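Asker: How does the following fold in three dimensions:
(chains A and B)
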Amino acid sequence: MNVLRIASAAIVGLLVSTSLSYAGPKVVSGPGADPTCFAPWSAETKYFQWEAKPGPYRIAVVNGYVGNTWRIQMIKTAKAFAEDPAIKDKIKEFKVVSTGTDAPAQLGAIEDFINQGFDAIVTIAVSPEGFDRVIRLADRENVVIVPFDNILDTDAVMMVNEDQLQMGRDWGNFVLKELAAKGKTSGKILEVRGLAGNSVDRDRSIGIHEVFDATPGPWEIVQVVGNWDDGTAQKVTADALAVHGTFDGVITQGGSTGTVQALLDAKHPFVPVGGEAENGFRKLVAAHSAEGLTGLSIGQSPGLVAISMKAAISALEGNVMPQLISVPLPSVDYTALKDGENFWTDLPDNFFTVNEFPPCGVNISGPAIMAQTEENVQ
Amino acid sequence: MSAVTATTPPRASALAMSIRQNRGFYGAVLLLAALYLVYNFIHPRGFSANVFIANTNESVALAFVAMAQAMTVIVGGLDLSVGAVMTLTSCIASELVRGEPWQIILGCLISVAAGTGFGLVNGLVIVYGRLQPIIATLATGAVAIGLALLIRPQPGGEVDLDLNWAVTNSIKDLAQTYHLFEDGEAGWLQPIAWVPVPLLILVIITAAVWIPFRRTVTGRTLYAIGSSEGAAYMSGLPINRAKLWAFTLAGFFAGCAGLYLAIQTGSGNADIPQAGAYTLNSIAAVVLGGISLLGGVGTVIGALIGALILRAISFYFRILSIDPLLQPLVEGVVLLAAVSLGAIRTLRVKNRLELFR
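Answerer: A predicted model of the protein is given here:
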């Protein structure tokens, strides 16, 4: 990760060159608190410790883009988790804002919460770069910033994520394995990408390409941009099918239901598909896996927000925390799909099946959140 | 009071005249003042330099993009490429604004020049290609995003961090960073030491570019074109030259936005949704700032105020507890209300011709 190295070098340079003295976390040695929930990314992950602050705390969630199901489910999870008896008493004030895909607005919102005297700010970064200033301000005021999902190219803050690179590799390996079982070792793959300019999109794509490039192939990988959105993914997949005819395998980063729907609509032969964890995708794979629609569903969970909130509180209490917290990939292939357990035929297509993380005490399941909304509507 | 002005119209004060002619603009100023004052009263650390600095920082890029949009709206056009040009210049700046001081300065100049050049190309396509601005800039905007992605396929860049710290803070911090004016301790500097550098940049660029330009024949021609292009042509005004200038200056302001964005975030990011959001918001800011979308009415300063209003509305979500999923709805309703305020006088006119005064 060249970018990562440069960014961390820049941060170190900043720390050395600055004349201001500021606090921020101390780098300490592990292991950290509650390692089953806050697992370090790798053996090299360093550990942070902030000065313990007395609770209860003021916590803000600064979301960027809003307008897809994942983000909405994430916001609902955050609100539900803030009311969870396990942490309710530790939170004095809880705010959620969405700034849209606008880096200055997001930085401004984070800075505003620092100015307001919030103790922790949980955020999905709009851009993996550009947080130097707010990190510096947060460190000065002893505020814990926790980027999750779209994390930053820096090791100066505590972050929570699933390994996107590994997710890409898992999809790639699954499709390779399924094709090898059919005797195919070369061919044409459709890759449906996410939001451009985003670190999750970038890392997943790198993982996918890494795996295919490592085999003799040759593989032709056609990329289209589906923005992690069912409608967009369906349209771009249909376009790709119109131009390229048939593909030997498909990997879709998100909007997976739309991608598969486009394959069905075009009467494309069933092929192995690697995709996200939308309920609709899992329904379609469960229905058609016998006909050859073998699928691997790996989800980026909206429940990550709850783990991030929990990590922020743990850090504020003065516990030793890993700088980069790895949440295990919730991965299910077509052989392990079970209605009512990891997908729900009676629930809408566009909700995300993975939401809970029992080792972390995050027990807000997707169906529970859906049920809550329905009650509110009635 | 009204009786006095009614009986002595020729001697009405210049301010009263200005207010009557620029109702939209003064209304916007009042709205901004009210929004921002209330925000500061509610904010736990309101009226502090830190809050002011954070707010101005957040607003600069949008303000510049809105000013860019205003240039083209005044001539009765619309520029759908402003957000894309901002993104392009921020990507260029993320590659160039680093190293020795002279390299940094050169990098800044090249970035702004790139934006300006792109604006000139827009102008040439529109004036000599005789295309509708909205279609031409839709196309050139896509070109700008394409170039931005070419320069920076992945987000990144190492913009000089001292510069990042200096221009996103107060004048005092700027002086401290570069050891100017006795490290910011000089006595004469103290009264203005708290002023945010981003605000200073906005004021200087507006004062140095827009105000002198408006007084030229070309500057006045913009308004003539926006009001009635046919009449402006029959009056022998330099229409082509004025349009070229309008789009070139739009490129210049968008370039300034991109440069500031790159310095502020220390990086470049060819973020397509962000470019689109800025273009749309620039149009909203222009309307809020009292500029008529039909052209011929309003100023670039109005667009600046409009951008600040747009930002000030979003500040409220951080201090009030509004359901996060309702925020876009609330923002939209407030925006609609603000825009409608500007149109309220249409309900009171007795003679419809008065609307065109």
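Asker: make it CA atoms for all contacts and neighbour counts henceforth
Answerer: OK.
Asker: buried stuff in stretch B:229-239?
Answerer: For stretch B:229-239, the neighbour count (16 or more other Cα atoms under 10 Å in any protein chain shown) marks B:229, B:232, B:237, B:239 as buried.
Asker: Go ahead and name everything in contact with it.
Answerer: B:218, B:221, B:222, B:224, B:225 (Cα atoms under 8 Å, 6 or more residues apart in numbering or on different chains).
Asker: can you rerun that using 7 Å?
Answerer: B:218, B:221, B:224, B:225 (Cα atoms under 7 Å, 6 or more residues apart in numbering or on different chains).
Asker: Mind putting the buried residues of stretch B:229-239 into CSV with secondary structure and pLDDT?
Answerer: Converted to CSV, these look like this (DSSP: H, G, I helix; E, B strand; the rest coil; pLDDT from 0 to 100):
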residue, secondary structure, pLDDT
B:229, helix, 91
B:232, helix, 93
B:237, coil, 93
B:239, helix, 94
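Asker: For residue B:78, state which of the residues you listed is nearest.
Answerer: residue B:229 (15.3 Å; Cα to Cα).
Asker: The residue in the stretch 1-150 of chain B that chain A sits nearest to: what secondary structure?
Answerer: The stretch 1-150 of chain B approaches chain A most closely through residue B:58 (5.0 Å), counting by Cα to the nearest Cα. Residue B:58 falls in the helix class when you classify it by DSSP: H, G, I helix; E, B strand; the rest coil.
Asker: Walk me through the domains of chain A.
Answerer: A:23-162+A:301-327, A:164-298 (automatic domain parsing).
Asker: now for those, which one comes closest to chain B?
Answerer: domain A:23-162+A:301-327 (3.7 Å).
Asker: Can you give me the end-to-end span of that closest one?
Answerer: Domain A:23-162+A:301-327 has an end-to-end distance of 28 Å (criterion: Cα to Cα, to the nearest Å).
Asker: do the same with stretch A:213-224
Answerer: Stretch A:213-224: ends 19 Å apart by Cα to Cα.
Asker: what about it, average pLDDT?
Answerer: Averaging pLDDT along stretch A:213-224 yields 90.
Asker: And for the residue lying closest to residue A:254 once chain neighbours are set aside, the neighbour number?
Answerer: Closest residue in space to residue A:254, ignoring its immediate chain neighbours: residue A:228 at 4.0 Å, by Cα to Cα, 6 or more residues apart in numbering or on different chains. Using other Cα atoms under 10 Å in any protein chain shown, residue A:228 has 23 other residues around it.
Asker: same deal with the one 5 residues further on?
Answerer: By other Cα under 10 Å, the residues close to residue A:233 number 29.
Asker: I'd assumed it was in a helix, is it?
Answerer: Yes: assessed with three-state DSSP, residue A:233 lies in a helix.
Asker: For it, give me its contacts.
Answerer: Residues in contact with residue A:233, defined by Cα under 7 Å, 6+ apart, are A:192, A:226, A:227, A:255, A:258, A:259.
Asker: now those: which count as buried?
Answerer: Looks like those have A:192, A:226, A:227, A:255, A:258, A:259 buried, using 16+ other Cα under 10 Å.
Asker: Among these, which ones are in helices?
Answerer: When DSSP state H is applied, these are split such that A:258, A:259 fall in helices.
Asker: related to what we said a few turns ago, the residue of the stretch 1-150 of chain B closest to chain A contacts residue A:106, correct?
Answerer: No: judged on Cα atoms under 7 Å, residue B:58 makes no contact with residue A:106 at a distance of 8.3 Å.
Asker: Tell me the helices and strands packed up against the helix or strand containing residue A:281.
Answerer: Using DSSP states H and E, residue A:281 sits within helix A:279-288. Where contact means 3 or more Cα pairs under 7 Å, 6 or more residues apart in numbering or on different chains; DSSP states H and E, helix A:279-288 is packed against helix A:256-265.
Asker: Can you list the neighbours in contact with the helix holding residue A:281?
Answerer: Helix A:279-288 is contacted from outside by A:256-257, A:293-295, A:334, A:337, A:343-345, A:348-353, using Cα under 7 Å, 6+ apart.
Asker: Next: stretch A:51-66.
Answerer: Identification of contacts with stretch A:51-66 by Cα under 7 Å, 6+ apart yields A:72, A:89-101, A:106, A:110, A:118-126, A:316-318.
Asker: What strand or helix carries residue A:160?
Answerer: strand A:159-161.
Asker: picking up where we left off before, ok, and of the contacts of helix A:279-288, which contact chain B?
Answerer: When contact is defined as Cα under 7 Å from any Cα of the partner chain, the contacts of helix A:279-288 do not meet chain B at all.
Asker: among those, which are in helices?
Answerer: Residues of these located in helices (DSSP H): A:256, A:257.
Asker: By neighbours, which of the contacts of helix A:279-288 wins?
Answerer: The contacts of helix A:279-288, ranked by neighbours (other Cα under 10 Å): first place residue A:256, 33 neighbours.
Asker: Give me the buried positions along the helix holding residue A:281.
Answerer: Buried residues in helix A:279-288, counted by 16+ other Cα under 10 Å: A:279, A:280, A:281, A:282, A:283, A:284, A:285, A:286.
Asker: before we move on, what about stretch A:319-330?
Answerer: A:319, A:320, A:321, A:322, A:323, A:324, A:325, A:326, A:327, A:329, A:330.
Asker: now the end-to-end length of stretch A:239-249.
Answerer: Stretch A:239-249: ends 16 Å apart by Cα to Cα.
Asker: Quick check: chain neighbours aside, which residue is closest to the residue in the stretch 151-300 of chain B positioned nearest to chain A?
Answerer: Nearest residue of the stretch 151-300 of chain B to chain A (Cα to the nearest Cα) works out as residue B:265 at 3.7 Å. Excluding the flanking residues, the one nearest residue B:265 by Cα to Cα, 6+ apart is residue A:130, at 3.7 Å.
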